[in-house]
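1. Just a sequence and a predicted model for now, questions to come.
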Amino acid sequence: MDSKKMAEKLAVALLVILMATMFMPVCGEAAFSRNLVIGYEGDPDTLDMCSTRHAPTAIPIAANVMERLFQITTDGETVPGLASWTIAPDKMSIDFKLRKGVKFHSGDSLTTKDVIFSYKRILEKTTATGFRWVKDIEIIDDMNFRVLFKQPDVLFLKDRSFFIGSKSYFDRVGEAEFNKKVVGTGPYRVINWRAAEFVELERFDDYWGEKPEIKNVRLHFIKEGTTRISMLKAGEADMITSVPYAMVKDLERSGFKTIKLAAHPTTQVQFQFMNPNVPWHDKRVRLAIAHAIDGDAIVKSLLHGIPARVWLSPWELGYDPSLKLWEYDPKKAKQLLAEAGYAKGFEMPLYYWAGRTTGQKETAEAVALYLKAIGIKCTMIGWEPVKMIESIRIKWHNNPEAVHVGVATPPIAHQTDPVYGFRTSYYSESTISLYNNPEFDKIYLKASQEFDDAKRAELIKQGMRIIADDVATIPIWANVSVYALKKDIDFTPTLRAMDALVLVKDIKIRP
Amino acid sequence: MRRYALKRVILGIITVIIVSMIIFVASRLSGDVTYLLLPQDATKEEVGRLRAKLGLDKPLPFQYLYFLKDAVRGNFGKSYRYTNREAMEIILERLPATAELAFAAFLMSVICGLLLGVLSATKRDNFLDTLGKTFALIGQAMPGFWLGVMAILIFSVKLGWLPTSGRGNISHLIMPSISIAWFSIASILRITRSTMLDVLDSEYIKTARLKGNSELIVIWKHALRNALIPVLAMSGIQLAHLLGGVVIAETIFSWPGLGSLILEGIYSRDYALVQAGVFVISIIFITCNLAVDLIYGVIDPRIRYD
Amino acid sequence: MSQTVKTEQDQPIGKTFSFMFVFKRYPIIPALCLLPVIICGIFGPLFYPHDPTMMNLGSALKPPAFLPGGEFSYFLGTDHMGRDLLSRLIEGARISLLISVFGVLLSGLIGCSLGMLAGYMGGKADEVIMRVVDAQMSIPAILLTILLAAALGVGVTTIIVAISVVFWTGYARVIRGETVSLKQREFVVLAKVTGCSKARILIRHIFPNLISTITVLATLQLGRAILIEASITFLGVGLQPPDTAWGLMISEGRMYMATAWWIPTFAGLAIMATVLGSNLMGDWLRDKFDPKLRQL
């Protein structure tokens, strides 16, 4: 074969391809008639909230499309939505009555069939944390049903019970389509969802509630914080979520509006102190560590003054103004260490969650340095979430030989209800809890069954007091999520929703 | 020739099988995903049940055999990260985006590399040549992610010329493909330059010149087509660089492709996704290399088929 | 597919200035790029202006000394935690050097021994080794490194291991080819006839002839190792604090690109200079030892 001819042909072919690509748009996609563009930090696994395994990433967006049985107002009040409720006198069951005339985006009407379908789907597909104490659901008729409990569970209510999907739609289209084109009862319906790219939503005109103002919205999934900022600055996005603290001031100076919302979680120094052979088994040592860390300086300089320095914020149930965080007092810290017999200090591991959460690494580094100043030498160990959770479950949980101090984010402040954090992170039987105090467990069990807010607040106060007295954890900063928007856009974030929701119904464009 | 091709194909298949082993072992090393799938207060029994359901309680070789059995049928299992969806389905959905980006970068690197290489060889040691060489050196030393971050800041935020991220029309392609291609442009430039220098000295070119062809035709037609052969020969290696670069560029520019997907899979310990993704990438790579080898064999008779 | 390509012919000396001649004859530029890194890497701890991990929140985000507001004691400015950037760059050089040198040595050890084995033994051993090489090379290096780093956990040691596991194939392929051609050379055949053991032939006769190739390869791999380490650290699966690494400085500092450009920029320049240096050094060595190696 003539090699030169071949090479020549090849060169010509290359040139033709080049020309073709230069003059032809590679992806012939019609321009989207844009009403609103939002840069969101997560990439939801699915918008079907009955099967998601990554609820914290998916909910803030999917809450536009699917709804739980109860609604939350922007002030964080739980109010009847798809259903209203009546609690039985013994609190072992709750009666639900569905709202009449609610339509799914598919045109189907909401009935108790959908409730059972969703309940079963959540149980089968997800970790179903919310159904921990649910025994069963009994159908009474098309519009009424009863949830039976193994033990009273106030969090079921506070979580606004669960998300509802459509059974008739599922039966018609099957699993794959149901996942791809999610149908709910929410104020917006999905037009186009592309994983890792964007979701386009359109106002649902048959929505049972108040009709929102914005008609079309496109939410882009942009994980990179700097890229989100660039989108806003370049005018590509009208609003972005989760602005890195370091860039908030810069955005404000460039003429953008920022909105701050107190949201879960709290970064704290957490002890596993059951082991009698570790120095921090001695409460004085833990107290010394608490006094050695200048949390205010960390928040002010490292986190640009944005997060909150609280056990609980004043708007939270069980807020106790007399429960204060420890003051920065290195002298007292040294004195306490000396009293405990560690005047010369000691060595200790300081685990932290490696990965992409902003502020964690920096906080851990700062903590290590403050402790160095009082003679405690920290070996920093950054582990990825998978390894960390595995180790907590296998090695540290309830183990009297555990050697663990970590900078971690078990929930305390800025949740729907503080009892939630009690349940996952401080109740000794939760497998990711590092705390074990029978007295606290008793209070938690009582609080989780107490439906009266005033009485539960009292119990939460007691519970917090016990944790603080034990110095089981040292809260350093409670997360505050920052949204940034163009000047002509108004947005009211939803308080007490646990995650920083992006509810399009609460966005308004000013003329 | 046919025997050679057949042999190459069989070798390719063996390679694919070994790739599957490497991926399988590497992804299984990375920890136990069951703890991510269960509620925070799950009991030991619940953990055990889930492990059994996922087949994680069996010895590793058995797990591999099951994996292989399903993989042959294109079934890599369900993704954990993208709930309830077939891993392969997600991968194939993302493939076009990556193919588009890789293809653009490949074209860019071949064209720019050849162009600059030829210019640099013909204008030896003058300004253009120095510029070309400097360009090549910087391209091979600059971290791709740094280039990407800087480019967004300059061209999208400061100048507002190009979109920051995402996939769309051709303007979305420019920055990510440059940030990937620069490295390869540099390599191709160097190879082209040195072969061109060789070819320009050859009898063949002297004859072409003597025949009265214009300098332009001599260089761009006669000389360049000889210089193309080594460029083609190394395009396999360039492809590996490109596919690697795609991972980083996709992350920075939020390009919805395979690379960022696999990375996400690694972060969230999604075995099915990682295995399917890396598998597809290496099959692409192996196929392309096979094609290059065969084409190369056809156009360069010096290759012996043994 | 070894294409014999001539190197650049040396310029007639009379045509160029004499200092150009010096640049061609001695690796001046590569040395200028690499020496500071090597010195910092080895003796760094002796001349940190400040403790590179010492945080001082009061003096965060100070600009470099040559900008208004800068202080001489923080010559290149400070980062968001008030740490001295110059000290961190020096410490970063140490880590980069550590990872790249050990990574390259370890992968060289594995790659060269397997490559020599494959080339000399031929047959089944050759087939098996080369198939594994092919297979591994078809997975992009960065993906495989990330996969391994994620599997083994973060830290300097794991990154060295990951880099060695990923990089050995590069050596194995080239060394195998060279060994095959050396095997047919007279002195090896003679050694075989005189009854030398296989191990002896490999170590005493073949290996010395490979040293120049290995040196060139290793120098070129240094730059790649640094780039890969920086990339995966940037992506969040590489090094983690308290380790100080250039990739980490860029990844932490990119938030400050608009307000404190010096944090990510100096680290980026340091990576570039080092990789540039090792690439140039590799080129120079290659031209010096064996122009045939152009395609490495």
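-> All right, it came through fine. Numbers count the residues shown, from 1 in each chain, chains lettered A, B, ... in the order given.

2. got a list of what residue 282 touches?
-> As the question left the chain open, I've gone with chain A. Counting by CB atoms under 8 Å, 6 or more residues apart in numbering or on different chains, residue A:282 makes contact with A:340, A:341. Bear in mind the C-beta positions are built from the backbone N, C-alpha and C, glycine included.

3. wrong one, chain C
-> C:216, C:219, C:220, C:222, C:223, C:296.

4. The helix or strand that contains residue B:69 near chain C anywhere?
-> Assigned by DSSP states H and E, residue B:69 falls within helix B:60-72. No. Residues of helix B:60-72 are not located near chain C by CB under 8 Å from any CB of the partner chain, the shortest gap being 13.5 Å.

5. what packs against that helix?
-> Applying 3 or more CB pairs under 8 Å, 6 or more residues apart in numbering or on different chains; DSSP states H and E, one finds that helix B:60-72 contacts helix B:2-28, helix B:271-299.

6. can the shortest one be found next to chain A?
-> Just to be clear, that refers to helix B:2-28. No. Residues of helix B:2-28 are not located near chain A by CB under 8 Å from any CB, the shortest gap being 12.3 Å.

7. coming back round to it: please point out which parts of the helix or strand following the helix holding residue B:69 sit buried.
-> Next in sequence after helix B:60-72, counting helices and strands by DSSP H and E, comes helix B:87-122. Neighbour counts over helix B:87-122 (16 or more other CB atoms under 10 Å in any protein chain shown) mark B:87-91, B:93-95, B:97-98, B:100-122 as buried.

8. for stretch C:89-106, same thing?
-> C:89-104, C:106.

9. pretty sure residue A:122 is touching residue A:131, no?
-> Yes. Between residue A:122 and residue A:131 there is a contact at 6.9 Å, judged by CB atoms under 8 Å.

10. what's the overlap in contacts for these two?
-> Listed as contacting both residue A:122 and residue A:131 by CB under 8 Å, 6+ apart are residue A:162.

11. Out of the contacts of residue C:282, which comes closest to chain B?
-> For the contacts of residue C:282, the residue nearest chain B by CB to the nearest CB is residue C:223; the value is 6.8 Å.

12. Which residues are in contact with that closest one?
-> By CB under 8 Å, 6+ apart, the contact set of residue C:223 is B:140, B:141, C:274, C:275, C:276, C:278, C:279, C:282.

13. For the residues you listed, pick the one with the most neighbours.
-> residue C:274 (28 neighbours; other CB atoms under 10 Å in any protein chain shown).

14. Assign that residue to helix, strand or coil.
-> Here residue C:274 is recorded as helix under DSSP: H, G, I helix; E, B strand; the rest coil.

15. Equivalent analysis for the one 10 residues further on, please.
-> In terms of secondary structure, residue C:284 is helix; the call rests on three-state DSSP.

16. Run through the stretch 51-200 of chain B and note the low-pLDDT ranges.
-> By pLDDT under 70, the weakly predicted segments of the stretch 51-200 of chain B are B:125.

17. which bits of it sit near chain C?
-> B:125, B:137-138, B:140-146, B:149-150, B:153, B:157, B:191, B:194-195, B:197-198.

18. Kindly recompute the last result at 10 Å.
-> Proximity of the stretch 51-200 of chain B to chain C, by CB under 10 Å from any CB of the partner chain, involves residues B:124-125, B:136-138, B:140-150, B:152-153, B:157-158, B:183, B:186-187, B:190-191, B:193-195, B:197-198.

19. Surely residue A:470 is in contact with residue A:286?
-> Yes. Counting by CB atoms under 10 Å, residue A:470 does reach residue A:286; the two are 7.9 Å apart.

20. need the contact list for the residue nearest to residue B:266 when sequence neighbours are not counted.
-> Leaving aside its sequence neighbours, residue B:266 sits nearest to residue C:150 (CB to CB, 6 or more residues apart in numbering or on different chains; 5.1 Å). Residue C:150 sits next to A:384, A:386-387, B:26-27, B:29-31, B:263, B:266-267, B:269, B:274, C:158, C:162, C:232, C:236-238 when contact means CB atoms under 10 Å, 6 or more residues apart in numbering or on different chains.

21. Which helix or strand lies directly C-terminal to the helix or strand where residue C:150 lies?
-> Using DSSP H and E, the element containing residue C:150 is helix C:141-152. Once helix C:141-152 ends, the next helix or strand along the chain (criterion: DSSP H and E) is helix C:156-183.

22. Check whether that next one comes near chain A.
-> No. On the criterion CB under 10 Å from any CB, helix C:156-183 is out of touch with chain A, staying 11.9 Å away.

23. other SSEs contacting that helix?
-> helix B:2-28, helix C:85-121, helix C:123-137, helix C:141-152, helix C:186-193, helix C:207-234 (3 or more CB pairs under 10 Å, 6 or more residues apart in numbering or on different chains; DSSP states H and E).

24. one step back: what touches both of residue A:470 and residue A:286?
-> The contact sets of residue A:470 and residue A:286 overlap at A:271, A:273 (CB under 10 Å, 6+ apart).

25. Which one's more surrounded, the two?
-> Using other CB under 10 Å, the more surrounded residue of residue A:470 and residue A:286 is residue A:286, with 23 against 17.

26. before we move on, back to that, now the helix holding residue C:150, how far from the chain's geometric center?
-> 17 Å (CA atoms, centre = their mean, to the nearest Å).

27. now stretch B:252-272
-> Chain-centre distance of stretch B:252-272: 15 Å, with CA atoms, centre = their mean.

28. ok, how many other residues are close to the residue in the stretch 51-200 of chain A that chain C sits nearest to?
-> Residue nearest to chain C within the stretch 51-200 of chain A (CB to the nearest CB): residue A:196, separated by 15.8 Å. Using other CB under 10 Å, the number of residues around residue A:196 comes to 23.

29. can I assume residue A:462 sits in a strand?
-> No. Counting by three-state DSSP, residue A:462 is not found in a strand; it is helix.
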